[in-house]
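Trainee: Quick one: sequence and predicted model below, then my questions.
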Protein chains: 2
Amino acid sequence: MDSDPIPFRIFNEIGIINQLSSAVLSRVLPHGLSLAQFGVLNHFVRLGGERTPARLAAAFQVTRGAMTNTLSRLEAQGFVAIRPDPEDGRGKLVTITEAGRSAREEALTILMHEVGRLEGKVDWEAMAEILPKLTTLRQILDEERFKPGGQ
Amino acid sequence: MDSDPIPFRIFNEIGIINQLSSAVLSRVLPHGLSLAQFGVLNHFVRLGGERTPARLAAAFQVTRGAMTNTLSRLEAQGFVAIRPDPEDGRGKLVTITEAGRSAREEALTILMHEVGRLEGKVDWEAMAEILPKLTTLRQILDEERFKPGGQ
DNA sequence: TACATATAGTTCAATGTTAAATTATATGGA
DNA sequence: TCCATATAATTTAACATTGAACTATATGTA
């Protein structure tokens, strides 16, 4: 591993961190929420308004099929409301419900508590410093079309 | 997103980078290899010798079920050889075959080429600097039992 | 020795993802 | 207006993963 080229080592560490963190976080989420589902609720709470499924899929860098699946489950639980787009017969408009807000609130509390377990172990100051570099890398991968098949 | 606590922002960026990078890398891999399969072949080329499935599962931080699946596919393609452990009736011993070495070699070349597309775009010097911090975070998550259900 | 417990590996259902095919609606030019 | 093309969303098959249940073998202790 030490002998691997830097890019491979970076992608490898990132893959493992993602595996470890998402396994735990999704395990503690309430209401059977997945991380993807929580992400959508969070998105709505912070940005407000309505979004088309296509726009959500783009925001989360997943295919529309994946977003259809996520939204169906959220709708089945009553956490989002979906209506036809009055201005585009092909489209739909999604928004969060009150139940969705409550679920997101509860989930956020639990996630914060779980992450709190790492307090004193992880040097979050150091992590804050590397965050911009991660963001830059993410943006480059995104722009470089080093990304899923655009559909 | 800017308003999220640092840990969430870190895990979020890491999740997206992982999604983008693994989607592309697995798409270009030859012989229908998955990243997990490539990882196992790579492991054997670099470390040599034989390993039990359990040890491989631990090394890659996946469940044994997942490793059973990965090894079955590798064996079906003739890329690894699996034999009973002569010293433990429950166990098996896995190693890479010549065909596996060739496949890994070819895959590595293709992956390097794909990553090469990012040359001049990504500042790998900066990435090399954050690597130790990622490694530290990964180790903490690992030790903290902030990890999948141990089985 | 015998039994309780631990460990190795497999199998299964459920979930989330991609990629491709499909249906429905928009849009822009001939 | 008509048609070619683009876009929105869904559906489906294939796949990797988890977590739990299961079988088989080891190990340690009474």
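Mentor: Done, it's in.

Trainee: Which helix or strand contains the most centrally placed residue in chain A?
Mentor: By C-alpha atoms, centre = their mean, chain A has its centre lying nearest to residue A:39, at 4.0 Å. Following DSSP states H and E, one finds residue A:39 within helix A:35-47.

Trainee: For that helix, name the packing helices and strands.
Mentor: With contacts taken as 3 or more C-beta pairs under 8 Å, 6 or more residues apart in numbering or on different chains; DSSP states H and E, helix A:35-47 sits against helix A:6-28, helix A:53-60, helix A:64-76, strand A:80-84, strand A:92-96, helix A:98-116. In this view, the C-beta of every residue, glycine as well, is placed from N, C-alpha and C.

Trainee: got the ones you listed as JSON lines, with distance to residue B:129, mean pLDDT and mean neighbour count columns?
Mentor: JSON lines is the format used below for those (distance: least, C-beta to C-beta, whole Å; pLDDT from 0 to 100; neighbours: other C-beta atoms under 10 Å in any protein chain shown):
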{"stretch": "helix A:6-28", "distance to residue B:129": "10", "mean pLDDT": "88", "mean neighbour count": "19"}
{"stretch": "helix A:53-60", "distance to residue B:129": "29", "mean pLDDT": "94", "mean neighbour count": "17"}
{"stretch": "helix A:64-76", "distance to residue B:129": "34", "mean pLDDT": "96", "mean neighbour count": "16"}
{"stretch": "strand A:80-84", "distance to residue B:129": "41", "mean pLDDT": "97", "mean neighbour count": "15"}
{"stretch": "strand A:92-96", "distance to residue B:129": "39", "mean pLDDT": "97", "mean neighbour count": "19"}
{"stretch": "helix A:98-116", "distance to residue B:129": "25", "mean pLDDT": "93", "mean neighbour count": "16"}
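
Trainee: Redo the ones you listed as JSON lines? Include distance to DNA strand C.
Mentor: Below are those laid out as JSON lines (distance: least, C-beta to the nearest atom of the strand, whole Å):
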{"stretch": "helix A:6-28", "distance to DNA strand C": "8"}
{"stretch": "helix A:53-60", "distance to DNA strand C": "8"}
{"stretch": "helix A:64-76", "distance to DNA strand C": "3"}
{"stretch": "strand A:80-84", "distance to DNA strand C": "9"}
{"stretch": "strand A:92-96", "distance to DNA strand C": "11"}
{"stretch": "helix A:98-116", "distance to DNA strand C": "13"}
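
Trainee: give me every residue that touches residue A:127.
Mentor: Residue A:127 sits next to B:6, B:7, B:10, B:133, B:137 when contact means C-beta atoms under 8 Å, 6 or more residues apart in numbering or on different chains.
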